[in-house]
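Engineer: generate a structure from the sequence data that follows.
(chains A and B, ligands or ions: 1)
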2 protein chains.
Amino acid sequence: MLVSDVLRRNARRTPDRNALLMVDGSGARTYAELYERATRLANALLGVAAPGDRVAILSENSPEYVEAYYGVPSAGMALTMLNYRLHPKEWVWILNDSGARVLLVARPYLEAIADHLGEIEALEHVIVIGDPAPGFRTYDDLVGAASAAVPEVPVGADDVAWLLYTSGTTGFPKGAQLTHRNLTTAMIQSVLEYDPTPRTRFLNAMPLCHVAGYLTPTHQFYGGSVLMMSGWDPELWMRLVQEHRVTSGGFAPTMMSMLLAHPKIWDYDLDSLEWMGYGASKIPADVLRRTIERFGSVVYAGMGMTELGGNILTLDKEAHIRAANGEEHLLDAVGKPMSLVDVRVVNSAGEDCADGEVGEIVVQGDQVTVGYFGNPEATEQAFAGGWFHTGDLARRDEEGFLYIVDRAKDMIISGGENVYSSEVENAVYEHPGVAEAAVIGLPDPVWGEKVAVVVVRREGHEVSADDVVGQCTSRLASYKRPREVIFVDSLPKTVSGKIRKNDLRERYGTAK
Amino acid sequence: MLVSDVLRRNARRTPDRNALLMVDGSGARTYAELYERATRLANALLGVAAPGDRVAILSENSPEYVEAYYGVPSAGMALTMLNYRLHPKEWVWILNDSGARVLLVARPYLEAIADHLGEIEALEHVIVIGDPAPGFRTYDDLVGAASAAVPEVPVGADDVAWLLYTSGTTGFPKGAQLTHRNLTTAMIQSVLEYDPTPRTRFLNAMPLCHVAGYLTPTHQFYGGSVLMMSGWDPELWMRLVQEHRVTSGGFAPTMMSMLLAHPKIWDYDLDSLEWMGYGASKIPADVLRRTIERFGSVVYAGMGMTELGGNILTLDKEAHIRAANGEEHLLDAVGKPMSLVDVRVVNSAGEDCADGEVGEIVVQGDQVTVGYFGNPEATEQAFAGGWFHTGDLARRDEEGFLYIVDRAKDMIISGGENVYSSEVENAVYEHPGVAEAAVIGLPDPVWGEKVAVVVVRREGHEVSADDVVGQCTSRLASYKRPREVIFVDSLPKTVSGKIRKNDLRERYGTAK
Ligand SMILES: Nc1ncnc2c1ncn2[C@@H]1O[C@H](COP(=O)(O)O)[C@@H](O)[C@H]1O
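Structural biologist: Numbering: from 1, shown residues only, chains lettered A, B, ... in the order given. You can find the predicted model right below:
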């Protein structure tokens, strides 16, 4: 199966059904139209590049992005998504690493990248999405001039469809090659679990340059409609749900927090919602509780990863209801393995951990990346022992629920003891004056590493370093208490809302 | 994904849940047990044969059959299922065609095949399922002595898992090679459509030697239980549904007719049923009506085929409700294409037919057989133009429902006019004295073919040839009326209940 089969089959079965709409009312596409545009894009690209090439895209959410999701892989090329929040130097790095021959760039980003075009070696064609710019071909021209016939290139399920760079919370980003099979497996697995229907109206507010974008084809699988936001705005989101009778939405936990904290959260009619999925990082327990209070039992958690083309673990509605009804421990769970994947928790020898024991999550299945682009060492390391290593530390309970304890790289080893950063963060977060906190390990001549915490104060609150440490004294073993407290105005984050701890470690680790 | 992944994942997730039970209470297997037995079988087979070999099975429904479903493909071998209702000569033919090296044979069938063992060239090992027989190794011995460790043979999704011979309504049977990918795609597609859950209790009454057997792994996909009958008995079926609170059942239309005609149909509590699927051939409209009357909106139709590893079309509950509420034309529909398959209706030039026009159903998708074993000519013919030709003539309506009009080979061309046998049968069936009827074309010196009908009278009814022809006079164009009426006591049928028209054509065609 190919990624574009989702579109092709719906274009045949329900050509006139609405596939896509931007929230400002622009970009409306029926399935027939979306399929036609994606097909034209494929043909246009075959005129300027060849199957096997990479085609990069730098844009916020847009209809053209969705066309590229399907159309680029239909040409046998790999869509390479550039996170629009990165620094131009980072775009250049990724464009060079991927060797992209074509760049599709949204008009607002053209200037920022234009100065650097000389630094990008393989790039031959820069196509502008949106308003024309002198000296550049526009996307509409290119696509409008191309044939709408199915391209006659041999594209197979094992060809790379998307090339997605890891969000880079640690080290250089790596390009995870996701084949058609990887993506369709992740998609079908999520369809099996989340049950979208032809009547589904999915409001997408997550950036399409992130793996969470797979939820768009997932919700189009049965011919549902996708309403597309570009950027997150809690009140707009509520207004749209009310106006369009939205049934489904995807979130990063920060988005969920902002929504629940919004003063108008009870002012809109949000009853049409049947499915709210969140993922990317852990959701604070009280946010989850308030979400269920507000929306009822419509909440799903998904644990996924760039290299896995989508989710592998899900905490379903039932578990959320149990959590809300007193089984508090489930608020910390990330879920159980989904139906098409093998998930294990293993110790450093690669053996299965006993229930309750902390180990690394490793994965096998048709959704697992075929490897990092041009980086066989990283691939080999990630697949040590034949299983894909997620770098997430977790434990399993007797029922089979998994609990993520920490990223392996975020775990601190202080005086030979393991300290899970999330455990310390949980304690710090309980202080009412703490808005955000990130616990990291910093080099220490005596202990190897020492526990440090970077804190953002809540507006209007006074919090001292002693307050923060005192917060931990009654809750944590002494070796887990922060030895250093750093106050900042904001924390560096990835596009999906994860804190970039590597940046923090670099900044405060080398300064010592 | 491999076929055995269904078992392996459930053995890990819910090892103690009941996977299988024979209706007499024997053969109970938890997921852990079933997986262990299947794994031992794989290891045992690797001791006597090699990956790439065929392993045949000749048995009625049994726990060992289900073990073989999973275990034989886990050894990289293809399970070759012999229809136990065939003539020994036919078994010999298939065993020779497939070149099977191992035969698993149920004790009751041993004598019938034993005399012919000398005629089967490649066969090296005959293993007896059930009571021991002098000179033969038993299945239990073989499996009991084997290791329970995962076999270390490289088995891939594109290896052949099942080798299923076509039911042979026309010509010599052909061995359809179904790979792991073919079967898991068919299975997942049916899971998407039929929504089994871990609480599903599927009562299987269809023969496991038929492609409909794929419904057993389908219902085990999420860890449901399968209750296994060996042979069809309507009253036993009702008793079991009541006793075990069965949720799901699969049927051939003849089974459904027998059930509805049973005097005790209203005596049992059958309310636990949530899903009743039927397929293999068309169901008479009045049987369908009475089924919905009795069971409510729980009925699904599936159109499938040996070469497709399962169903490709489904008429869902909603359509059945519409049919029962007056939209009579839907009683004739076989459904719409399912989610992972491409289905077209094409004319002899391979072009799409307009709505309403009759053409052949052709199919593409990951579930379509990789070809006939050792028969490249048949494979090439079936895949003319790159699409798999089903040999079924159908039309599509404006809503996208497909209606099977006839098997291409059953269509009669009389004086240059096309006569669909099913159309004539429908007219004949309306006579209250007709229990069963099969319309066939017989050679005719003037018209090329003439319409003939073979009729089984309903007990206690008088029906003459004139009655039968008269039945058609008011309903059909004169060229469609039977020129010959043949009365018989019973019609020859395949294991899935299809009338073997080829047998009839041979018998009555050459006698002329
Ligand atoms: N629901 C159905 N209605 C009518 N014919 C069917 C149906 N399901 C299967 N068939 C017929 O059965 C054939 C497949 O036979 P088999 O390979 O023995 O399963 C198809 O090609 C159809 O002709």
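Engineer: burial measure for the residue in the stretch 151-300 of chain A positioned nearest to the ligand, as a count.
Structural biologist: As assessed by Cβ to the nearest ligand atom, the ligand sits closest to A:Tyr222 within the stretch 151-300 of chain A, at 22.2 Å. C-beta here means a position set from N, CA and C on the backbone, and glycine is covered the same way. Residues lying near A:Tyr222 (other Cβ atoms under 10 Å in any protein chain shown) number 20.
Engineer: which of the three states applies to it?
Structural biologist: At A:Tyr222 the chain is in coil, as set by DSSP: H, G, I helix; E, B strand; the rest coil.
Engineer: what separation is there between it and chain B?
Structural biologist: For A:Tyr222, the distance to chain B equals 7 Å [Cβ to the nearest Cβ, to the nearest Å].
Engineer: contacting residues around the closest residue to A:Gly224 other than its chain neighbours?
Structural biologist: Distances taken as Cβ to Cβ, 6 or more residues apart in numbering or on different chains place A:Thr200 nearest to A:Gly224, at 3.3 Å, with adjacent residues excluded. When contacts are counted by Cβ atoms under 8 Å, 6 or more residues apart in numbering or on different chains, A:Thr200 touches A:219, A:222, A:224-225, A:247-248, A:275.
Engineer: and what of A:Leu86?
Structural biologist: Going by Cβ under 8 Å, 6+ apart, A:Leu86 touches A:Ile94.
Engineer: before we move on, what about A:Met229?
Structural biologist: Taking Cβ under 8 Å, 6+ apart, we find A:Met229 in contact with A:23, A:61, A:203-205, A:236-237, A:240.
Engineer: per-residue pLDDT of it, please?
Structural biologist: What the model reports as pLDDT for A:Met229 is 95.
Engineer: what's the spacing between the residue nearest to A:Gly224 and chain B?
Structural biologist: A:Thr200 is 14 Å from chain B, where distance means Cβ to the nearest Cβ.
Engineer: do A:Met305 as well
Structural biologist: 19 Å.
Engineer: would you agree that residue is in contact with A:Val341?
Structural biologist: No - applying Cβ atoms under 8 Å, one finds A:Met305 not in contact with A:Val341, separated by 11.3 Å.
Engineer: name the residues contacting each of those two.
Structural biologist: By Cβ under 8 Å, 6+ apart, the residues touching both A:Met305 and A:Val341 are A:Ile312.
Engineer: residue most distant from the centroid, chain A?
Structural biologist: Most distant from the centre of chain A: A:Val446, at 37.9 Å, with distances by Cα atoms, centre = their mean.
Engineer: for that residue, give me its contacts.
Structural biologist: Counting by Cβ under 8 Å, 6+ apart, A:Val446 touches A:Gly415.
Engineer: give me phi/psi at it?
Structural biologist: Here is the backbone geometry of A:Val446 (degrees, to the nearest 10): phi -90, psi -50.
Engineer: am I right that A:Tyr508 is in a helix?
Structural biologist: Yes - counting by three-state DSSP, one finds A:Tyr508 located in a helix.
Engineer: so how many other residues sit close to it?
Structural biologist: The burial count for A:Tyr508: 17, using other Cβ under 10 Å.
Engineer: what score does it have for pLDDT?
Structural biologist: Note for A:Tyr508: predicted pLDDT of 91.
Engineer: which ones are touching it?
Structural biologist: Going by Cβ under 8 Å, 6+ apart, A:Tyr508 touches A:440, A:442, A:452, A:454, A:484, A:486.
Engineer: can you tell me which of the residues you listed are buried?
Structural biologist: Buried members of the contacts of A:Tyr508, counted by 16 or more other Cβ atoms under 10 Å in any protein chain shown: A:440, A:442, A:452, A:454, A:484, A:486.
Engineer: for the closest residue to the fifth one other than its chain neighbours, list each beta-bridge partner.
Structural biologist: Right, the one you point to is A:Glu484. Leaving out its chain neighbours, the residue that sits closest to A:Glu484 by Cβ to Cβ, 6+ apart is A:Ala452, at 4.1 Å. Beta-bridge partners recorded for A:Ala452 (DSSP bridges): A:Ile440, A:Glu484.
Engineer: can you list the residues of the stretch 251-400 of chain A near chain B?
Structural biologist: Counting by Cβ under 8 Å from any Cβ of the partner chain, the stretch 251-400 of chain A comes close to chain B at A:336-337, A:339-340, A:342, A:365-366, A:400.
Engineer: per-residue confidence for A:His125?
Structural biologist: 98.
Engineer: pretty sure A:Arg13 contacts B:Pro337?
Structural biologist: Yes - between A:Arg13 and B:Pro337 there is a contact at 7.2 Å, judged by Cβ under 8 Å.
Engineer: neighbours of the residue nearest to A:Phe373 when sequence neighbours are not counted, just the number please.
Structural biologist: Closest residue in space to A:Phe373, ignoring its immediate chain neighbours: A:Gly175 at 3.7 Å, by Cβ to Cβ, 6+ apart. Residues near A:Gly175, counting by other Cβ under 10 Å, number 25.
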